[in-house]
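[1] Have a look at this prediction, sequence included:
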Amino acid sequence: MTLQPETRRRIDTLVAEAQATGRTPSLVAGVVRDGDLVHVAGAGECPTPDPDTQYRIGSISKTMTAVLVMQLRDEGRWGLDDQLDRHLPGTPVGRATLRQLLGHAGGLQREPEGDWWERSAGADLDTLLAGLSPAKLAHPPHRVYHYSNLAYGLLGGALARIAGKPWWQLLRERLLDPLGMQRTTYQAEEPFARGYVVHPWHDTLREEPRTDTGAMAPAGQLWSTTTDLARWAAFLADPHPDLLAPQTLTEMCAPVVISDLDSWRSGHGLGLELSRSGERVYAGHTGSMPGYLAVLTVYRPARTGVVGFANAYGLRAGSIAGFGERLLTTVLDSEPPTIRPWRPADAPPPADVAELTGRWWWMGREYEAAWDGTAGELTLTVQRPAGAPPWRFTPEGTDRWRGRSGTNDGEILAVRRDVTGRPDTLDIATFIFTRDPDRVA
């Protein structure tokens, strides 16, 4: 798949404008659609942008830490409502839960004690924990949104303790290797862009240190490339179920807190920043480390996303978040949606499912039940207004189905049969669907 020539031109122009007005030595961006990196645009000469050049991704590292947390949750190793001190005993900020820490609602202050962790050599976990006191709780948990890098250092420590191996090893084994992200590394590996602070008055460059942040690494250590980060964007748009259940990613995209209470344009899920652009909600994260900016944002319904890097600590005009949102909106507004080809079913549904298909009625409204053989799900779709998304149900036993979408997510559909054994009604949470529009069951 490729972008239309006009869309490519618009993306190239936006990247060139952002590099020039932002006064960053180099800027590179990639567009992801349906799992593929379909366009790369770059501007600047220090270095000349290339999709295989590493930049530091900063807090985009948090999205990977969050997925590790969710993988272990799905495996039954812990629960999101576990308090931190269950896994890091004796921690003086341990009453915050894993869920609250993931969503920056745990009340923790933003940074650990000591020198600015992003620009200095990091300490180990024991030293990080020793520097904590109850005073590091700036707010009662879940009272307000308060972004906390410290929270993710502690989550990384909890991951290491429960899994019995370092955070970086977990990340490499569970995510980076399976996704083929070989150019995503703990430390910079050539070729990589040097990171700078641009002098505000005479445009000279000051190169920034490339630190090992130690126990704070889960909050922002990683380096990656346009090609590799595009793979991560594709995963966050549509995860491979062997690595993360799609419903778990949907859970991660549900707001834990709204971070903008005035306009409700932004919030935070379980490790993912959420932003509303018109009628669309984007998910992803921005990143910054001394000398570097990064952005990743996806629109999951269209399986489309963008990634971008700059090797300056700040853009003179605008923000890296706004830059990513403009790129993604441009693609979505310019490109026609992907049309998936219809394919015939490999086999008819089982007999006890086939007899459920067809028309059903509830309170004068017409519904159609159908079988999705690829997903192994029963669907129920209201016929008016046209185009409504179907409710989807997965089998959970004889004549029993569990809803997994829409208003019936989690509810039970029970099949009631007549004396002959034929399906007579569908009972969805006491709402009775019949074959006859005039019948009230």
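    Happy to help now that I have it.

[2] Break this structure down into its domains, please.
    Taking automatic domain parsing as the domain assignment, the ranges for the chain are 5-334, 351-434.

[3] Out of the ones you listed, which one sits most buried?
    The highest average neighbour count among the domains of the chain, using mean count of other Cβ atoms under 10 Å, belongs to domain 5-334 at a mean of 19. The way it works is simple: take the backbone N, C-alpha and C, and place the C-beta from them, glycine included.

[4] still on that earlier bit, export the domains of the chain as CSV, with columns for mean pLDDT.
    Shown next, in CSV, are the domains of the chain (pLDDT from 0 to 100):
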stretch, mean pLDDT
domain 5-334, 95
domain 351-434, 95
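
[5] Relative to residue 397, how far out is residue 219?
    44 Å (Cβ to Cβ, to the nearest Å).

[6] what does the longest helix belonging to the chain rub up against?
    What stands out as the longest helix in the chain, according to DSSP state H, is helix 5-22. Residues outside helix 5-22 that contact it (Cβ atoms under 8 Å, 6 or more residues apart in numbering) are 3, 24, 26-29, 31, 39, 41-44, 308, 310, 312, 315-318, 323, 326-327, 330-331, 334-335.

[7] Quick one: classify the spatially closest residue to residue 265 that is not a sequence neighbour as helix, strand or coil.
    Once flanking residues are discounted, residue 265 sits nearest to residue 276: 4.9 Å by Cβ to Cβ, 6 or more residues apart in numbering. Three-state assignment for residue 276 (DSSP: H, G, I helix; E, B strand; the rest coil): strand.

[8] Surely residue 148 is in contact with residue 110?
    Yes. Using Cβ atoms under 8 Å, residue 148 is in contact with residue 110, at 5.4 Å.

[9] so how far is the longest helix of the chain off the chain centroid?
    Offset of helix 5-22 from its chain centre (Cα atoms, centre = their mean, to the nearest Å): 25 Å.

[10] what bridges to the residue nearest to residue 265?
    residue 281 (DSSP bridges).

[11] Break down the stretch 1-150 of the chain into its strands, ranges please.
    With strands called from DSSP state E, counting those that start in this stretch, the stretch 1-150 of the chain shows them at 26-33, 36-44, 55-56.

[12] what does the stretch 201-350 of the chain give?
    Counting by DSSP E, counting those that start in this stretch, the strands of the stretch 201-350 of the chain are 205-207, 223-224, 257-258, 266-268, 273-277, 280-289, 292-299, 304-310.

[13] Run through who's touching the fifth one.
    Translated: strand 273-277. Under Cβ under 8 Å, 6+ apart, the answer for strand 273-277 is 253, 255, 264-268, 281-286, 297, 321, 325, 328-329.

[14] let's go with 6 Å and repeat that
    265-267, 281-283, 285, 325, 329 (Cβ atoms under 6 Å, 6 or more residues apart in numbering).

[15] got the residues you listed as JSON lines, with distance to residue 98 columns?
    Shown next, in JSON lines, are those (distance: Cβ to Cβ, whole Å):
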{"residue": "265", "distance to residue 98": "27"}
{"residue": "266", "distance to residue 98": "22"}
{"residue": "267", "distance to residue 98": "18"}
{"residue": "281", "distance to residue 98": "24"}
{"residue": "282", "distance to residue 98": "24"}
{"residue": "283", "distance to residue 98": "19"}
{"residue": "285", "distance to residue 98": "18"}
{"residue": "325", "distance to residue 98": "29"}
{"residue": "329", "distance to residue 98": "33"}
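
[16] Those: which two are farthest apart?
    The largest separation in these, counting by Cβ to Cβ, is between 267 and 329 at 18.3 Å.

[17] Turn the strands of the stretch 1-150 of the chain into a markdown table, columns for distance to residue 7.
    Converted to a markdown table, these look like this (distance: least, Cβ to Cβ, whole Å):
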| stretch | distance to residue 7 |
| --- | --- |
| strand 26-33 | 8 |
| strand 36-44 | 8 |
| strand 55-56 | 24 |
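
[18] do you know which of those strands lies nearest residue 83?
    Nearest of the strands of the stretch 1-150 of the chain (Cβ to Cβ): strand 55-56, 32.3 Å.

[19] Starting from that closest one, tell me which strands it pairs with and how they run.
    Here strand 55-56 has these sheet partners by DSSP bridges: strand 223-224 (antiparallel).

[20] And the strand it pairs with, how far out from the chain middle?
    On Cα atoms, centre = their mean, the centre of strand 223-224 falls 18 Å from the chain's centre.

[21] Could you do stretch 328-348 as well?
    Computed by Cα atoms, centre = their mean, the chain-centroid distance of stretch 328-348 equals 21 Å.

[22] Start and end of that stretch, how far apart?
    40 Å (Cα to Cα, to the nearest Å).

[23] I appreciate the help and will end here.
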